[in-house]
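Asker: I would like the atomic coordinates for the input below:
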Amino acid sequence: MIVRDLNEAMGTEREAAAERWRSVRLLLADDKMGFSFHITIIEAGSEHTFHYKNHFESVYCISGEGSIEDLATGEVHQIRPGVMYALNLHDKHTLRCKTECVFACTFNPPVTGREVHREDGSYAPAEEESAA
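Answerer: Numbering: from 1, shown residues only. Prediction:
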């Protein structure tokens with residue numbers, strides 16, 4: 001059994017941060033669960049374009065308000081507590097947070113915790129990351 005406390009994981013090597021967001025990775029590839037699990041906090045008024053070409057991601061909004069735009073179709077969906085979205089087609093998207101947003105996120109394949117977003121908004125494939 002794996003038990004971790006979000007408050008204890010904050011500020012450790014399990015927390016990743018970039019411009020206007022931070023993510024605490026409570027489950028990582030080394031935990032061998034087949035997915036990673038994160039709590040991600042995104043600042044109010046921020047906009048982020050991501051394209052997880054090598055990972056599937058699902059996101060559940062715990063708090064906050066914003067929107068997600070599918071850049072292939074132009075379709076915009078409102079995000080609020082209780083809304084989940086899944087990037088089942090490796091969808092390139094822009095996330096806009098009107099207020100501070102807190103999300104519970106899963107990635108498959110799981111991230112290692114060392115990933116950084118590339119210029120195109122993606123993470124490296126798992127095999128490249130594990131070789132690093």
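Asker: can you get me a residue count around residue 17?
Answerer: Residues near residue 17, counting by other C-beta atoms under 10 Å, number 10. For the C-beta atoms, the positions are set from N, CA and C on the backbone; glycine is no exception.
Asker: swap in residue 32?
Answerer: 9.
Asker: residue 78 now?
Answerer: Around residue 78 there are 11 residues (other C-beta under 10 Å).
Asker: what segments of this structure are strands?
Answerer: 15-18, 21-27, 36-42, 46-50, 56-63, 66-70, 76-79, 84-86, 93-97, 101-108 (DSSP state E).
Asker: which elements pack onto the shortest one?
Answerer: Which is strand 84-86. strand 56-63 (3 or more C-beta pairs under 8 Å, 6 or more residues apart in numbering; DSSP states H and E).
Asker: and the most centrally placed residue in the chain, what does it touch?
Answerer: Closest to where the C-alpha atoms of the chain average out (C-alpha atoms, centre = their mean) is residue 105, at 5.4 Å. Contacts for residue 105 (C-beta atoms under 8 Å, 6 or more residues apart in numbering) come out as 23, 37, 38, 39, 40, 57, 58, 59, 60.
Asker: let's have those residues in JSON lines, adding neighbour count and pLDDT.
Answerer: Output for these, formatted as JSON lines (neighbours: other C-beta atoms under 10 Å; pLDDT from 0 to 100):
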{"residue": "23", "neighbour count": "21", "pLDDT": "93"}
{"residue": "37", "neighbour count": "19", "pLDDT": "98"}
{"residue": "38", "neighbour count": "23", "pLDDT": "95"}
{"residue": "39", "neighbour count": "18", "pLDDT": "97"}
{"residue": "40", "neighbour count": "17", "pLDDT": "96"}
{"residue": "57", "neighbour count": "23", "pLDDT": "95"}
{"residue": "58", "neighbour count": "16", "pLDDT": "98"}
{"residue": "59", "neighbour count": "20", "pLDDT": "98"}
{"residue": "60", "neighbour count": "15", "pLDDT": "98"}
